[in-house]
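> just the structure for this:
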Amino acid sequence: MLLIKCCAERNFKSLPIAMVYMQHELIALAGQTLDLCPGLSVRRFARRLTQCFDRHLGKSGLTVSQFSVLTAILLLEAEATAAEIARQLDADRSTLSRELSLLKSRGLIETRQITGRRHALQLSLEGEALYREAWKNWRSGAKEVDAIFGTERVSQVR
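Okay, here's the model as predicted:
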């Protein structure tokens with residue numbers, strides 16, 4: 001229907017010519033979107049940041065997501081429940097659940113009962129030692145990010 005309408009509006013004599021025109025029109029729109037869309041730009045920027053931090057934190061055996069979870073647990077201290085960690089990181093509960101399971105299976109975090117059915121998470125001794133090592137690698141990653149993108153641009157994201 002759209003193709004026939006395009007033919008009629010632009011006075012094309014054949015459908016193949018209209019199809020080529022519409023394809024070029026769509027490509028032009030996509031190009032503008034890629035150049036102008038802040039959502040796509042932010043996602044591309046975030047992927048590059050993640051790759052950089054993952055490369056540095058990988059030396060410690062962590063990803064930036066896992067490092068973020070460990071950081072949230074440390075900051076929340078006694079209130080480090082899964083719900084609070086999810087709120088702190090603005091994370092999806094199912095994604096967080098996978099990260100927590102992996103960190104628990106590696107022996108980096110432990111669960112302790114707060115009251116009744118409430119449980120909080122804390123870093124194990126091994127988790128604390130790894131965090132100290134990983135923090136140095138994270139710091140190296142942060143310096144690289146500042147060098148690549150510029151401290152002003154990175155500060156705008158914070």
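> quick one: mean pLDDT over stretch 75-82.
Averaged across stretch 75-82, pLDDT comes to 89.
> where does residue 62 fall, helix, sheet strand or coil?
Three-state assignment for residue 62 (DSSP: H, G, I helix; E, B strand; the rest coil): coil.
> for it, grab the count of nearby residues.
The criterion is other Cβ atoms under 10 Å. On that basis, residue 62 has 25 neighbouring residues. For glycine as for every other residue, the C-beta is placed from the backbone atoms N, C-alpha and C.
> cool, residue 151 as well?
Taking other Cβ under 10 Å as the definition, residue 151 ends up with a neighbour count of 12.
> ditto for residue 126
By the criterion of other Cβ under 10 Å, residue 126 has 13 neighbours.
> in stretch 109-129, what's buried?
Applying a neighbour-count criterion of 16 or more other Cβ atoms under 10 Å, one finds 109, 110, 120, 121, 122, 123, 127 buried in stretch 109-129.
> what's the helix or strand hosting residue 87 packed up against?
Assigned by DSSP states H and E, residue 87 belongs to helix 82-89. Packing partners of helix 82-89 (3 or more Cβ pairs under 8 Å, 6 or more residues apart in numbering; DSSP states H and E): helix 64-76, helix 93-105.
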